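In: next input, structure requested:
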Amino acid sequence: MAKDVICKDTRNKMEKVLAHLQDELKGLRTGRASTGLVENIKVDCYGTMTPLKQLAIISTPDALSILIKPYDVSTVSNIEKAILQSDIGLTPSVDGKSLRIVIPQLTEERRKKLSVHIKEFGESAKVSLRNIRHEANKLADKEEKDDIITEDDAKRTKDDVNKIIHEYEGKVGELIKKKTEEILKV
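Out: Sure, this is the predicted structure:
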């Protein structure tokens with residue numbers, strides 16, 4: 001493995017961490033309706049736990065409500081049950097063939113709790129990034145030891161990996177800052 005391969009692999013893994021963080025943040029309530037709040041809720045459908053987005057059309061007809069129209073009307077009660085059991089704290093109302101969730105405004109206390117939760121997500125992502133850096137540095141050391149790359153190449157690889165982690169820590173920081181501002185905005 002050469003320096004470029006190690007750096008490319010590191011960048012790909014860090015990109016996955018960033019994507020995972022974006023998915024986690026998408027599921028947090030901001031006081032505005034978003035399909036991301038419910039689309040990954042697992043629903044027991046025909047004996048299999050399936051993400052809601054695979055079972056229904058999810059839309060936001062206005063800024064304060066989410067409309068869920070199941071492809072199969074017989075799954076309405078299972079979807080309702082899954083939403084009630086999820087930790088999003090919202091109650092759907094069933095109107096025949098669809099469900100509607102009205103998003104209440106967040107209280108100041110809830111906003112502060114969510115901002116702490118967002119920071120925890122960010123710290124978790126940063127720990128994952130550091131673990132990826134550690135793996136890449138170990139790989140560079142191993143390749144140097146096995147005489148695949150030179151000592152100088154190993155040093156340059158580690159320097160490049162450090163630049164990559166600083167770039168991704170900045171991206172994580174931006175995501176966290178943006179989501180925190182979105183939540184705290186009244």
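In: how does this protein divide up, domain by domain?
Out: 3-26+107-184, 35-102 (automatic domain parsing).
In: want to throw these into TSV with mean pLDDT?
Out: Listed next are these as TSV, based on pLDDT from 0 to 100:
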stretch	mean pLDDT
domain 3-26+107-184	91
domain 35-102	87
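In: make JSON lines from those domains and add mean neighbour count to it.
Out: (C-beta placed from N, C-alpha, C; glycine too.) Listed next are those as JSON lines, based on neighbours: other Cβ atoms under 10 Å:
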{"stretch": "domain 3-26+107-184", "mean neighbour count": "16"}
{"stretch": "domain 35-102", "mean neighbour count": "15"}
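In: in what helix or strand does the closest residue to residue 82 other than its chain neighbours lie?
Out: Closest residue to residue 82 apart from its sequence neighbours, by Cβ to Cβ, 6 or more residues apart in numbering: residue 43 at 4.2 Å. Per DSSP states H and E, residue 43 falls inside strand 42-45.
In: so what strands line up beside that strand?
Out: Sheet pairing here is set by DSSP bridges, and for strand 42-45 it gives strand 48-51 (antiparallel).
In: what's the first helix or strand after the partner strand?
Out: On the C-terminal side of strand 48-51, the closest following helix or strand by DSSP H and E is strand 56-62.
In: what sits up against that following strand?
Out: For strand 56-62, contacts defined as Cβ atoms under 8 Å, 6 or more residues apart in numbering pick out 33-35, 38-39, 52, 66-71, 75, 79.
In: equivalent analysis for stretch 167-174, please.
Out: Taking Cβ under 8 Å, 6+ apart as the rule, stretch 167-174 contacts 14, 15, 17, 18, 21, 122, 125, 126, 129.
In: what of stretch 84-92?
Out: Applying Cβ under 8 Å, 6+ apart, the external contacts of stretch 84-92 come out as 27, 29, 37-38, 41, 68, 79-80, 83, 99-101, 103.
In: pick the one among the residues you listed closest to residue 136.
Out: Checking the contacts of stretch 84-92 against residue 136 with Cβ to Cβ, the nearest one is residue 27 at 29.5 Å.
In: who are the contact partners of that closest one?
Out: Neighbour list for residue 27: 36, 37, 40, 88 [criterion: Cβ under 8 Å, 6+ apart].
In: now residue 157
Out: Applying Cβ under 8 Å, 6+ apart, the residues contacting residue 157 are 3, 6, 7, 136, 140, 149.
In: wait, doesn't the second one sit right on residue 141?
Out: What that stands for is residue 6. No: under the criterion of Cβ atoms under 8 Å, residue 6 makes no contact with residue 141, lying 10.9 Å away.
In: which residues of the protein fall in helices?
Out: Using DSSP state H, the helices of the chain run over 3-26, 76-85, 108-145, 151-184.
In: so the last one versus helix 108-145, what angle?
Out: Read that as helix 151-184. 170 degrees (axes from the mean of the first three to the mean of the last three Cα atoms, to 10 degrees).
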